[in-house]
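> how would this look folded up:
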Amino acid sequence: MMELPEIAYYPIAGEPVAADALLLPKAVEMVQALQSQGLPYVRLLECRRTPEYEIVVVDIEAEVPQHPVHDVRTVERIAFGFAPADTDHQVVLALREDFPLVPHLHFGGENMPRSLCLYQTAYADLKPTWTAAALLRQLQHWLTQTARGELHAADQALEQAFYAPAERLVLPSAFFAAEATDLEPVCARIVSNVLGQTTLVALPLSASPPTAGWQVQFASFVYTTPPQVHVLIQEQPRTLAALQTYLSTENTDFLDALRQHLATSKGRSGFSWDYKLLLIVRMPKQRTAEGPIEGMEVWAFATVGTLAEIGTDVGIWRAQPNKVVELFYTDASRTGQQSPLVLLNPVCALTRELAAAYNDVPPTTTRFVAIGAGSLGSQVVNNLVRAGQGNWVWLDEDYYQPHNTARHYLPGSAVGMGKAEAMAASLQTTYEQAEVQAIAANVLKPVSDSVRNAYEAAEVVLDMSASVAVARHLTLGIISPGRRMSLFLNPSGTDLVLLAEPRDRTLRLDQLEMEYYRSLLRQPALQSHLHLAGRPIRYSHACRDVSVRLPQDQVALHAAIGARAVRTTVAEPEARLKIWQAQPDLTVTAHEIEVSPYIETVMSGWMVSLSQQLVRELHAQRQARLPNETGGILVGVFDTQQRRLYIVDLIPSPADSLESPTSYVRGIEGVSAELARISECTGRQVVYVGEWHSHPNGYSIRPSDDDKNLFARLQRERQAEGLPAVMAIVGEDGALGWHVATMAADAEGPHLGSQAIS
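As a prediction, this is how the structure comes out:
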């Protein structure tokens, strides 16, 4: 009869103890679970105690297939180590000496049992629901899935080479790219040491040459290994000699490459014998030997010794008093045995693509010109840049004052700096090659070449100045192909407004401003939108040195909404007008306003602009009163600088008006109150513009004698205010005549359906 070979197990440290003598609660719970006979697939063998652990040893049965992928036995001997602090997962050791090398297994050192990695979840998250029975079931699952070759899923990340240490090194993203070959040397500095855990940041040598301000200066050596199949996690090499053993293959020799690098580096400018050495090891990783390269695993090792000491320990130099000399022949017996290494956990520097991925959005390189770096603008652009959105040129002439700190992205240390310059300096370091440029400029004044170039290159001109004058100037006073958008808070800071032109700019920002006013007049929920709540706070002596009372959390809320609104709107071709209203508890109601195309016509040197929707309403008012004539009042906005007249809305015929088939006399009932409401509702932007009336069917829109007399009276009244008289005559078949400043017999504007904006 053939005898089965005896299974060899690793010895277990510690003194044997009785099961009922265990003291640590989780070890006690483990023994109780095993003794309860509720887990028939596990058998308790013994318990031990060391200064660091209480140990429970078991035999556990796994569901092993007839032809396992990995040599997992039907019964495996496992030791659980419970630590008094209970801050990390229990140590789980496979005691069989020939336990297979599989993923999710940690190397335990020479002649030491290997540790099983049972969970991907952090222990702190698992601990509240931990039970001994659940741990044993997870172990059985681990063994069963490993035997079947199914533990490491096909779409799961590849197993790393080493345990990641607490010490971190931030590296440029190029070091993690599989296709990168000739990489620029880096130098690194220690930027923090929190609770004994060090973080270093490495930058390309050209971007940050070594200076006295750097706490630790490193030369660097980048070494890329041949492709490697992921296996179990190994014990970290602790000397150059150990790293040589780990990395070298039949066709490559790490130490030879290092020697060549040190020899050639010695003659370069900036070389110092006193620098330490940063070894950056890049490992192309494969899932199987025949499979493709799936990623680049990067590790870093910092030497304890200097370059002079390293070169001596690898046999290319010899240290003499006050100097280091080069050897004619390499001393091959010296392989770095005396050169300790510290393993660092590399972290990829943030890129635009990574920033966008962390924000769960696609990255964009839209060319923005942003105007206004105040409390809202600073936080909106900060949100967008951190999400990998856009390349930015920021225009603002204001400087950062103490009161700004209460509601601004910038810290108090920026007081006295230009807002745009300080914001750009801060955001330029968000990720690699973040494009954020600042120009100190007043956009209402003649532009410099740099501002002109920014306008000409812009795809989006984003106004966050909260200035009507600036918004209109950006629409009508600059040359730029960029789509205009305006984002601003109402005076009390409760509401956020977005006005966005369509991508083809067939509806301009100034026209959207009028649609915004119209929505305030028409929607009851927006009647008090432009009312100012609370008294302002004076922060200095000048008459304009006042600031509103507005909580920062409210600004931050609107900045978050605004950033997302800008991002989503840029991705869409349509125009957009939207208002978000925040309640005292910061719940938000959104109002999406439907906008209408605009019609424009020039009359007596004035550009008359009104929406097609308003034209339809004028004709609907006429149609409803036929066969009588009817009329009412026109309200809107005069822009005397641009010689533009915007008709925003109409007031229908007052109740005391006299209407007949041959004449119309407009009444006055309720007119004063309605004009006052319109003015207050729109922040005194929309005012009385002029009169409108209709002509009955069968008559043209040419002015009658009564029309001429009325217009002459309007001229006299409006001249006293420096404004033109305005009259509109609505006729049949879509005819609409305009008279501005002077009355011309043939003054007929475009019919409904004519070409929209110019």
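> pull the CA atoms of the lengthiest strand in the chain into PDB?
As assigned by DSSP state E, the longest strand anywhere in the chain is strand 293-306. The C-alpha trace of strand 293-306 is given here as PDB (Å, rounded to 0.1, in the frame of the first residue of the first chain):
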ATOM      1  CA  ILE A 293       0.500  44.600 -20.400                       C
ATOM      2  CA  GLU A 294      -2.400  45.900 -18.300                       C
ATOM      3  CA  GLY A 295      -0.600  48.600 -16.400                       C
ATOM      4  CA  MET A 296       2.600  50.100 -15.100                       C
ATOM      5  CA  GLU A 297       3.300  49.500 -11.400                       C
ATOM      6  CA  VAL A 298       5.700  52.000 -10.000                       C
ATOM      7  CA  TRP A 299       7.700  51.700  -6.800                       C
ATOM      8  CA  ALA A 300      10.300  54.000  -5.300                       C
ATOM      9  CA  PHE A 301      13.200  53.300  -3.000                       C
ATOM     10  CA  ALA A 302      15.100  56.000  -1.200                       C
ATOM     11  CA  THR A 303      18.700  55.400  -0.200                       C
ATOM     12  CA  VAL A 304      19.900  56.200   3.300                       C
ATOM     13  CA  GLY A 305      23.400  56.800   2.000                       C
ATOM     14  CA  THR A 306      24.700  59.600  -0.300                       C
END
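> show me what it pairs with in its sheet, parallel or antiparallel.
According to DSSP bridges, strand 293-306 forms sheet pairs with strand 276-286 (antiparallel), strand 341-348 (antiparallel).
> after it, which helix or strand is next?
Remark: after strand 293-306, the chain's next helix or strand is helix 307-313, criterion DSSP states H and E.
> that next one: how far from the chain's middle?
Taking Cα atoms, centre = their mean, to the nearest Å, one finds the center of helix 307-313 at 45 Å from the center of the full chain.
> show the average pLDDT along that helix.
In this model, helix 307-313 carries a mean pLDDT of 88.
> would you single out the least confident of the strands paired with strand 293-306?
strand 276-286 - the lowest mean pLDDT of the strands paired with strand 293-306, at a mean of 85.
> circling back: any chance of the strands paired with strand 293-306 in TSV, plus distance to residue 364?
For the C-beta atoms, the positions are set from N, CA and C on the backbone; glycine is no exception. Below are the strands paired with strand 293-306 laid out as TSV (distance: least, Cβ to Cβ, whole Å):
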stretch	distance to residue 364
strand 276-286	30
strand 341-348	21
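> for those, which one sits closest to residue 83?
strand 341-348 (22.7 Å; Cβ to Cβ).
> after that closest one, heading C-terminal, what element do we hit next?
Next helix or strand after strand 341-348 toward the C-terminus (DSSP H and E): helix 352-358.
> what comes up buried for that next one?
Neighbour-count burial for helix 352-358 flags 352, 354-356 (criterion: 16 or more other Cβ atoms under 10 Å).
> out of those, flag the one nearest to residue 551.
Set against residue 551, the nearest of those by Cβ to Cβ is residue 355 (28.2 Å).
> distance of the closest one from residue 390?
For residue 355, the distance to residue 390 equals 11 Å [Cβ to Cβ, to the nearest Å].
> excluding its backbone neighbours, what's nearest residue 257?
residue 223 (5.9 Å; Cβ to Cβ, 6 or more residues apart in numbering).
> right, and that neighbour touches residue 278 too?
No. Residue 223 is not in contact with residue 278 according to Cβ atoms under 8 Å; the separation is 11.3 Å.
> among those two, which residue is more densely surrounded?
Using other Cβ atoms under 10 Å as the criterion, residue 223 and residue 278 rank with residue 278 on top: 25 against 16.
> how about low-confidence regions in the stretch 651-758 of the chain?
744-758 (pLDDT under 70).
> need phi/psi at the nearest residue to residue 379 once chain neighbours are set aside.
In space, not counting the residues next to it along the chain, residue 379 is nearest to residue 559; the distance is 3.4 Å by Cβ to Cβ, 6+ apart. Dihedral pair for residue 559: phi -70, psi -40, per degrees, to the nearest 10.
> what number of residues lie near residue 150?
11.
> tell me the spacing between it and residue 28.
Relative to residue 28, residue 150 is positioned 34 Å away (Cβ to Cβ).
> ok, residue 548 next?
Taken as Cβ to Cβ, the span from residue 548 to residue 28 is 63 Å.
> again, but for residue 522
73 Å.
> of these two, who's got more company?
Using other Cβ under 10 Å as the criterion, residue 522 and residue 28 rank with residue 28 on top: 18 against 12.
> which ones are touching the more buried one?
With contacts defined as Cβ atoms under 8 Å, 6 or more residues apart in numbering, residue 28 is in contact with residue 22.
> packing partners for the strand or helix carrying residue 244?
If you go by DSSP H and E, residue 244 is part of helix 240-247. In terms of contacts (3 or more Cβ pairs under 8 Å, 6 or more residues apart in numbering; DSSP states H and E), helix 240-247 is packed against helix 254-265, strand 276-286, strand 341-348.
> rerun that using 6 Å as the cut-off
Other helices and strands packing on helix 240-247, by 3 or more Cβ pairs under 6 Å, 6 or more residues apart in numbering; DSSP states H and E, are helix 254-265.
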